[in-house]
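# Fold the following for me, if possible:
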Amino acid sequence: MSTTVTLIPGDGIGPDITEATVRVLDAAGADLVWDRQLAGASAAARFNDPIPDATLDSIKKNRVALKGPLETPVGEGYRSVNVALRRSFDLYANVRPAHVILHGGRFEKVDIVLIRENLEGLYYGAEHYIRIADDPKAAAESVALITRYGSERAIRYAFEYAVTHGRKKVTLVHKANILKFSQGLFLEVGREIAREYQGRVQFEDRIVDAMAMQLVLKPEQFDVVVTTNLFGDILSDLISGLVGGLGLAPGANIGPSAAIFEAVHGTAPDIAGKGVANPGALILAACLMLDHLGDTARAARIRHALHAVIDEGKHRTRDLGGTASTREFADAIIARL
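Residues are numbered from 1 along each chain as shown. All right, here's what the predicted structure looks like:
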């Protein structure tokens, strides 16, 4: 039986990499029906709304979406569409796997899954300007909200992920030495949950700055990492850099009644429409989606084909040191399915 998936091509290079990804999935025989919708700058230009009701209704109905990168204005304009989508569908866990695909770099044995609490912290959106005398923006204040409920959901998801995927260790990353209330609560909840998994999953905690250093010195020591929203946003890009960059970095946003899978890189407007963007991240995100839908064998076949193309080296896109176009990269994967 076919599964209907909301497809949001996104902005910038989004339509290019989405077309390539759909071609790969079709060639692999994925039984999917695409419900195409708009979000981000393309939706704002057409509907004067970066998240049209039709898009929200589609995700609500289908409960699964595949999304290209979305443009978010810097410092002004509408708020992040990605954040809004996470809130709209209670997507509390962001999953960012990173393992070595592009060999020949500094690290060969990195295999980390970072799980980020996706709704709270400084990204909760409680911020405002403070007026002093005649200056309406004399200061700005942002509040980080950490709740026991939100922390428990994300941390328990990390431990359950470790158990389900045969992972051995969970590392909780925090700044509880300084932010003793908010980060302290996250750490407290983590330690409580860790006791439930004693004997099945190892547990450790690391202060975020020390963690950043250890990730670039010896990333092989880490397995599943769980952390708060802002730290997760930063560290997930760091671990992507360890294994070849954001061009090969997929992401999943998981909630109780919906899931959105995405390429986590930006819109790259400088190469939009030129047909040279690397679709690898969105193809790998589609594999996460297939796993989520229970089509794990097909996901593994696509991953294997993508890895083989990169290993061979003849059809790499230019961000991977090659000259292949978006279409040529996708064609090479299709030829290996």
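# Would you report the backbone torsion angles of the residue nearest the centre of the chain?
In the chain, the residue lying closest to the centroid (CA atoms, centre = their mean) is residue 251, at 2.6 Å. Main-chain dihedrals, residue 251, degrees, to the nearest 10: phi -150, psi 150.
# ok, residue 106 - how many residues close by?
Neighbour count of residue 106, defined by other CB atoms under 10 Å: 8. Placement of C-beta: from N, CA and C, glycine included.
# Give me the nearest residue to it, chain neighbours excluded.
Using CB to CB, 6 or more residues apart in numbering and skipping the chain neighbours, the partner closest in space to residue 106 is residue 242 (7.8 Å).
# repeat for residue 82
residue 70 (6.1 Å).
# How about residue 128?
Closest to residue 128 by CB to CB, 6+ apart is residue 141, at 6.0 Å.
# Doesn't the one you found belong to a strand?
Yes. Under DSSP: H, G, I helix; E, B strand; the rest coil, residue 141 falls within a strand.
# Contacts only, for it.
Applying CB atoms under 8 Å, 6 or more residues apart in numbering, we find residue 141 in contact with 127, 128, 129, 130.
# any idea how far it is from residue 2?
Distance, residue 141 to residue 2, by CB to CB, to the nearest Å: 49 Å.
# Share the number of residues neighbouring residue 148, please.
Other residues lying near residue 148 total 12 when counted by other CB under 10 Å.
# For the remainder of this discussion, apply numbering that starts at 13.
All set: I'll call the first residue 13, so the last point we hit is now residue 160.
# quick one: contacts for it?
Contacts of residue 160 by CB under 8 Å, 6+ apart are 197, 201.
# Got the confidence number for it?
Residue 160 carries a pLDDT score of 98 in this model.
# Which strands or helices does the strand or helix carrying residue 135 pack on?
Per DSSP states H and E, residue 135 falls inside strand 133-144. On a contact count with 3 or more CB pairs under 8 Å, 6 or more residues apart in numbering; DSSP states H and E, strand 133-144 meets strand 147-157, helix 241-254.
# Indicate which one of the ones you listed is closest to residue 19.
For these, proximity to residue 19 was assessed by CB to CB; helix 241-254 is nearest, at 23.5 Å.
# Check which helices and strands the closest one is in contact with.
Applying 3+ CB pairs under 8 Å, 6+ apart, one finds that helix 241-254 makes contact with strand 105-111, strand 123-129, strand 133-144, strand 181-186, helix 220-229, strand 236-239.
# Pass me the low-pLDDT residue ranges in the protein, would you?
Applying pLDDT under 70 to the chain flags the ranges 86-89.
# can you pull the contacts of the closest residue to residue 316 other than its chain neighbours?
Using CB to CB, 6+ apart and skipping residues adjacent in sequence, the residue nearest residue 316 is residue 348, 7.8 Å away. Going by CB under 8 Å, 6+ apart, residue 348 touches 316, 317, 320, 321.
# Just the buried ones among the residues you listed, please.
By neighbour count, with 16 or more other CB atoms under 10 Å, the contacts of residue 348 hold 317, 321 as buried.
# Please, where are all the strands along the chain?
Using DSSP state E, the strands assigned to the chain run over residues 15-20, 44-48, 76-79, 105-111, 123-129, 133-144, 147-157, 181-186, 214-219, 236-239, 262-266, 271-275.
# would you turn these into JSON lines with distance to residue 295?
Listed next are the strands of the chain as JSON lines, based on distance: least, CB to CB, whole Å:
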{"stretch": "strand 15-20", "distance to residue 295": "14"}
{"stretch": "strand 44-48", "distance to residue 295": "14"}
{"stretch": "strand 76-79", "distance to residue 295": "10"}
{"stretch": "strand 105-111", "distance to residue 295": "13"}
{"stretch": "strand 123-129", "distance to residue 295": "18"}
{"stretch": "strand 133-144", "distance to residue 295": "27"}
{"stretch": "strand 147-157", "distance to residue 295": "35"}
{"stretch": "strand 181-186", "distance to residue 295": "28"}
{"stretch": "strand 214-219", "distance to residue 295": "32"}
{"stretch": "strand 236-239", "distance to residue 295": "23"}
{"stretch": "strand 262-266", "distance to residue 295": "8"}
{"stretch": "strand 271-275", "distance to residue 295": "9"}
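# between the ones you listed, which gets nearest to residue 201?
Residue 201 lies closest to strand 181-186 among the strands of the chain, at 9.2 Å (CB to CB).
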